[in-house]
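K.L.:
Sequence first, predicted model second:
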Amino acid sequence: MLLLSPSSASLLSLQSHSYHVDSSRSRRLHQPLKVAGMAKETTDGGNGIVEKVAIAGGLVSTPVIAWSLYTLKTTGCGLPPGPGGSIGALEGVSYLAVVGIIGWSLYTKAKTGSGLPGGPSGLLGAVEGLSYLSLLAILVVFGLQFLDKGSIPGPLPSDQCFG
């Protein structure tokens with residue numbers, strides 16, 4: 001006795017049917033499969049300027065986030081505001097850049113089935129990977145900070161850290 005699941009049984013029944021057009025001959029009526037590519041083929045690698053901005057932003061933001069997470073773990077505070085708030089602003093923009101790159105990557109993965117294109121010299125793919133590693137590090141350090149201190153510092157400098 002052969003046990004077939006309902007899906008495989010329906011496939012077998014579809015495969016065994018042939019349609020008779022003429023009494024003298026029989027043939028199957030079917031259309032050949034047409035395969036269409038989902039990605040656009042371009043010579044400049046896709047979005048061009050957007051990719052280059054993402055590469056530059058990712059290459060700058062990843063070390064800034066590493067510095068920020070190290071400072072957070074060792075002192076319990078984020079980076080100091082710096083002159084005119086420039087270092088704190090760079091820290092905040094770096095976190096936003098990583099979130100943006102990951103969002104773009106997830107959107108592209110859902111739309112095309114693969115991640116971001118490699119970009120020039122594979123740098124966009126490297127930035128994508130570094131962004132995911134940064135997200136993992138953020139989750140680990142923020143989790144440890146929450147377990148140690150009971151909270152994580154807010155986005156604005158506080159009196160506790162820089163009073």
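P.N.:
Cool, the structure landed.
K.L.:
number of nearby residues for Ala66?
P.N.:
When counting by other Cβ atoms under 10 Å, one arrives at 15 neighbours for Ala66. Placement of C-beta: from N, CA and C, glycine included.
K.L.:
Pretty sure it sits against Val141.
P.N.:
No. Taking Cβ atoms under 8 Å as the definition, Ala66 is not a contact partner of Val141, at 10.0 Å.
K.L.:
okay, and the helix or strand of the protein with the least pLDDT?
P.N.:
The least trusted helix or strand in the chain, going by mean pLDDT, DSSP states H and E, turns out to be helix 6-16, with a mean of 47.
K.L.:
Show me which residues of the helix or strand following that one are buried.
P.N.:
Next along the chain after helix 6-16, taking DSSP states H and E as the criterion, comes helix 49-75. By 16 or more other Cβ atoms under 10 Å, the buried positions in helix 49-75 come out as 51, 54-55, 57-58, 61-62, 64-65, 67-69, 71-72.
K.L.:
so when I look at Pro117, I'm seeing a helix, right?
P.N.:
No. Counting by DSSP: H, G, I helix; E, B strand; the rest coil, Pro117 is not found in a helix; it is coil.
K.L.:
thought it was touching Glu128?
P.N.:
No. With contact defined as Cβ under 8 Å, Pro117 does not reach Glu128; the gap is 9.4 Å.
K.L.:
still on that earlier bit, now tabulate the buried residues of helix 49-75 in JSON lines and tack on distance to Ile87.
P.N.:
What follows is the buried residues of helix 49-75, written out as JSON lines (distance: Cβ to Cβ, whole Å):
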{"residue": "Glu51", "distance to Ile87": "27"}
{"residue": "Ala54", "distance to Ile87": "22"}
{"residue": "Ile55", "distance to Ile87": "22"}
{"residue": "Gly57", "distance to Ile87": "17"}
{"residue": "Gly58", "distance to Ile87": "19"}
{"residue": "Ser61", "distance to Ile87": "13"}
{"residue": "Thr62", "distance to Ile87": "16"}
{"residue": "Val64", "distance to Ile87": "9"}
{"residue": "Ile65", "distance to Ile87": "13"}
{"residue": "Trp67", "distance to Ile87": "9"}
{"residue": "Ser68", "distance to Ile87": "9"}
{"residue": "Leu69", "distance to Ile87": "14"}
{"residue": "Thr71", "distance to Ile87": "10"}
{"residue": "Leu72", "distance to Ile87": "14"}
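K.L.:
Nice, that's everything, thank you.
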